[in-house]
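> I'll drop the sequence and a predicted model, then ask my questions.
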Protein chains: 2
Amino acid sequence: MPPTASSRPLAVVVACALLAASAAAQRPSPPSTNHWLDAYRDTAAQLIKAATADDFAWRRLAELTDTFGNRLSGSDNLARAIAWAADTMRKDGLENVRTEPVMVPKWVRGRESAEIVDPPRHELAILGLGGSVATPPGGVEGEVLVVSSFDELRGRAGEAKGRIVLFNAPFTSYGDSVTYRTGGARAAAQAGAVAALVRAIGPIGLRTPHTGSLQYGQGVPPIPAASVSVEDADRIARLTARGRAVRVRLTMEARFEGEIESANVVGEIRGRERPDEIVLLGGHIDSWDLGTGASDDGVGCIVTWEAARLMARLGIRPRRTIRIVLWTNEENGLRGATAYAQRYAADAANHVFALESDSGVFEPASLGFTGSPMARTIVREIGALLTPIGFSDIVAGGGGADIGPIAQAGNAPTMAYLGNPGRYFAIHHTPADTIERISPDEVSKAAAAIAVMAYVIAEMPERLPTR
Amino acid sequence: MPPTASSRPLAVVVACALLAASAAAQRPSPPSTNHWLDAYRDTAAQLIKAATADDFAWRRLAELTDTFGNRLSGSDNLARAIAWAADTMRKDGLENVRTEPVMVPKWVRGRESAEIVDPPRHELAILGLGGSVATPPGGVEGEVLVVSSFDELRGRAGEAKGRIVLFNAPFTSYGDSVTYRTGGARAAAQAGAVAALVRAIGPIGLRTPHTGSLQYGQGVPPIPAASVSVEDADRIARLTARGRAVRVRLTMEARFEGEIESANVVGEIRGRERPDEIVLLGGHIDSWDLGTGASDDGVGCIVTWEAARLMARLGIRPRRTIRIVLWTNEENGLRGATAYAQRYAADAANHVFALESDSGVFEPASLGFTGSPMARTIVREIGALLTPIGFSDIVAGGGGADIGPIAQAGNAPTMAYLGNPGRYFAIHHTPADTIERISPDEVSKAAAAIAVMAYVIAEMPERLPTR
């Protein structure tokens, strides 16, 4: 923002922006002159240039995922990755780097398998759902009851007793379909089933089940539950449709091994004028115990961290503090996010803005925003700085599980970096979540976009309006 | 062929066809009248109509693969599938249906796993190669030597002793790349390695290794060998490129359990005039012990069998015998093909033509042919009958592992039904070889094409020229 404009009240800026946006919607406009964003264009260009100059961030993601592998809460891998991240942040020149202890549950998958025992034996491609209980040592065996919805299960509840319920609902969107993963075991147990199988929450892969957490119900026995590949679900459904009784044996050793100390990793670029006002950026450092947690959510950690690293390297110190947090235990507890919100409860209102990258960085990517109309207008204007790297507009709706609690407490506007969902959900919570699927360009672009957005919001004279 | 033409010597037919083809290459020609093929057009159209009228063949493939699953040589699944196929062929009205005993090796995969033990433990996605020996019960452990070619291994042979060699050659084509799967263990053993890992012979999947057979060398110790996913191979290569010593432990229980009686399944439409002349069609009924062997090669069995079933149903009895063979043990021994060639050695020269479908039926598909120029000309003319279902031309080169020995012995021209290789090799020898990837249309079209080709070749007054 140019000096003459810097003392204008925000409302005026917003009113001007709204008028300009309205006018722009009506006709092509010439490049604006003396726009309030002009003050940020050079630095934004500098950040974009630095972020996209090489594959530094992709290589750092490779170092994280190659060296430490997947990082389930309570694992040694996670502890090592956290120590490495804090150490490396310090080397980057971030300030106030610290690990903030968080107790997390340690769930261990153990060995697991499932097979059709009749008709002729055939192995099923499964993954136990996170938080599931074990089966008895010899497994549970039962005839499968195939249902395509919770409604169908309610209608056929009388048939479920002693059986294994297979929820065979086609994948539509993650939001719609995931209810079978989270709630299938509870519903099946209510109907008297001994175990639940859930058709993979994702598009058909290569016999690829998708894990993820489940929720047991109060007063309902916890029963073992697993994701089964699309192909295996289809096969069971075809066999039963031909009148065959399909018997399946499911064997799982899953167990909780108590609580383990983990940590959120925090690093900052302290604000030069309003250090107490926080522009919060981050991802979660934990992952499921499969693949290497590259898209979920190693890359979210790396690209937000990279935004701060670039500022440190380029000597950019915005008015407000940029805070990077790599949360722990997003996947099966959200303990990191909860602990962060508790620890900073008194500062919640100082969280000016919060951005999480936890949907991958697959192209075509977008930025999603949740906040007041005034804030949205400003953010869309900032988004115009990202036109050179291919962003068209800020889409509606953006938050994240880890930024949720603190943003809720502080009424902070929230943003998500949103990778292409088709590519993301193809590998989400599977062994195929590795860096091979992510290109260096995708990582650089995400880092550039997040750096520019964070920088302008941290630099603007007036804070972004609250929700 | 019309009655007036039917007494013409074949050479005249061929000369006319060559002239016509030559003329056609020079200018667009009007639809030919009184072409020798005219006699077959109605029946060909009838076969195409019947094959594509419904999804019967796809449903039969589903029944085979759903009910019996994968069908490795020596397995109960294979024995049951063979019994079912013979029984069902009889019900279809095929003639002389029989199972011809063949002794096959029983190789059993057993449990297998591999992990990076240092840096921090991480499971590798592997599949033992077919025919591999086991490791000692606790596994073999060694530092990985990554090489990108046999040449590189030769140059670094001094570094291989006591180590695990990873052949990390990018997948180019199956023919080029498969040499690492078949010959990697031998080359690694010659250099003193304790085990071999081979980057998956296929495009990148979803952490998807590809099994397949290997060949040990005379005078070289057999060492355990496994396919490793592209992602895991890349990870090991990146770690070593950073100067990390990567230690891997490979544990395999693979073993041979002797020889088991299996069988080729044979069924026929006996020829009405020259029953001793055989038009041979088939695929292999065995598969690897993964997925359900749908594309490799359940579908090849079903589409060739379907060609004969349609003839039986439509009352079409060509001049020569149509013989369907579902060979056993193609994958790890070729015993079925060898036994067939031995059993019918005296009749080898009576095999007029042999077609195998063992490359899937994925669109875009084609027909490949190997034979004399004269035979090729005739076959291309017959191929024009397939224009309505989208075939443009018969491509050069077509055979099959199972038809190889008898065709070699009898100088028979050979043809392959060739599915799109990109789609085929994505699932080849993996757990993802299931029916979900194959559409009913693809199966119907393959059955139609094979039925028409076989019918005309079996019906023509003179036999197709030998190779």
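Everything's here; your move.

> Show me the helices in chain A, by range?
Applying DSSP state H to chain A gives helices spanning A:3-6, A:10-26, A:38-52, A:56-68, A:76-92, A:150-155, A:174-190, A:230-241, A:299-314, A:335-343, A:373-383, A:404-410, A:421-427, A:440-459.

> nearest to residue A:128, of those helices?
The closest of the helices of chain A to residue A:128 is helix A:174-190. By CB to CB, the value is 10.8 Å. Yep, even glycine has a C-beta here, placed from its N, CA and C like the rest.

> Who are the packing partners of that closest one?
Other helices and strands packing on helix A:174-190, by 3 or more CB pairs under 8 Å, 6 or more residues apart in numbering or on different chains; DSSP states H and E, are helix A:150-155, strand A:164-167, strand A:195-199, strand A:225-228.

> counting contacts, what elements does the second one pack onto?
Think strand A:164-167. Checking 3+ CB pairs under 8 Å, 6+ apart, strand A:164-167 ends up next to strand A:140-147, helix A:150-155, helix A:174-190, strand A:195-199, helix A:230-241.

> wouldn't residue A:433 be in contact with residue A:293 here?
Yes - using CB atoms under 8 Å, residue A:433 makes contact with residue A:293 at a distance of 6.1 Å.

> intersection of neighbour lists for the two?
residue A:287 (CB atoms under 8 Å, 6 or more residues apart in numbering or on different chains).

> still on that earlier bit, could you provide the helices and strands packed on strand A:164-167 in TSV, with additional columns for mean neighbour count and mean pLDDT?
Formatted as TSV, those follow (neighbours: other CB atoms under 10 Å in any protein chain shown; pLDDT from 0 to 100):
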stretch	mean neighbour count	mean pLDDT
strand A:140-147	20	98
helix A:150-155	14	98
helix A:174-190	20	97
strand A:195-199	30	98
helix A:230-241	21	97
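
> closest one to residue A:131 among these?
The nearest among these, by CB to CB, is helix A:174-190 at 9.3 Å.

> Residues contacting that closest one, please?
Applying CB under 8 Å, 6+ apart, the set of residues contacting helix A:174-190 is A:129, A:132, A:150, A:153, A:157, A:160, A:165, A:167, A:169-171, A:195-196, A:198-199, A:201-202, A:210, A:212-217, A:220-225, A:227, A:421, A:425, A:428.

> Ok, stretch A:109-119 next?
The contact list for stretch A:109-119 (CB under 8 Å, 6+ apart) reads A:121-124, A:126-128, A:134, A:141, A:197, A:226, A:228, A:235-236, A:239, A:244-255, A:289, B:67-69.

> how does it look with 6 Å?
A:121-124, A:126, A:128, A:247-254, A:289, B:67 (CB atoms under 6 Å, 6 or more residues apart in numbering or on different chains).

> how about TSV for the helices and strands packed on helix A:174-190, with distance to residue A:109 added?
Shown next, in TSV, are the helices and strands packed on helix A:174-190 (distance: least, CB to CB, whole Å):
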stretch	distance to residue A:109
helix A:150-155	26
strand A:164-167	19
strand A:195-199	16
strand A:225-228	10
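
> residues contacting residue A:449?
residue A:386.

> Please list only the buried members of the contacts of helix A:174-190.
A:129, A:132, A:150, A:153, A:157, A:160, A:165, A:167, A:169, A:171, A:195-196, A:198-199, A:201-202, A:210, A:212-214, A:216, A:223-225, A:227, A:425, A:428 (16 or more other CB atoms under 10 Å in any protein chain shown).

> show me what contacts the most centrally placed residue in chain A?
With distances taken as CA atoms, centre = their mean, residue A:358 lies nearest the centre of chain A, 2.6 Å away. Contacts of residue A:358 were listed using CB under 6 Å, 6+ apart, and they are A:283, A:297, A:300, A:400.

> hmm, try it at 7 Å
Residues near residue A:358 by CB atoms under 7 Å, 6 or more residues apart in numbering or on different chains: A:283, A:284, A:297, A:300, A:400, A:401.

> Show me the one in those residues that has more neighbours than the rest.
residue A:300 (33 neighbours; other CB atoms under 10 Å in any protein chain shown).

> quick one: that residue and residue A:211, what's the gap?
Distance check for residue A:300 against residue A:211: by CB to CB, to the nearest Å, it reads 18 Å.

> can you check residue A:423 too?
If you go by CB to CB, the gap between residue A:423 and residue A:211 works out to 18 Å.

> of these two, who's got more company?
Neighbour totals were compared for residue A:423 and residue A:211, and residue A:211 leads with 26 against 20 (other CB under 10 Å).

> Would you mind giving me the confidence score for that one?
On pLDDT, residue A:211 comes in at 98.

> if you skip the residues just before and after it, what's nearest to it?
residue A:127 (4.2 Å; CB to CB, 6 or more residues apart in numbering or on different chains).
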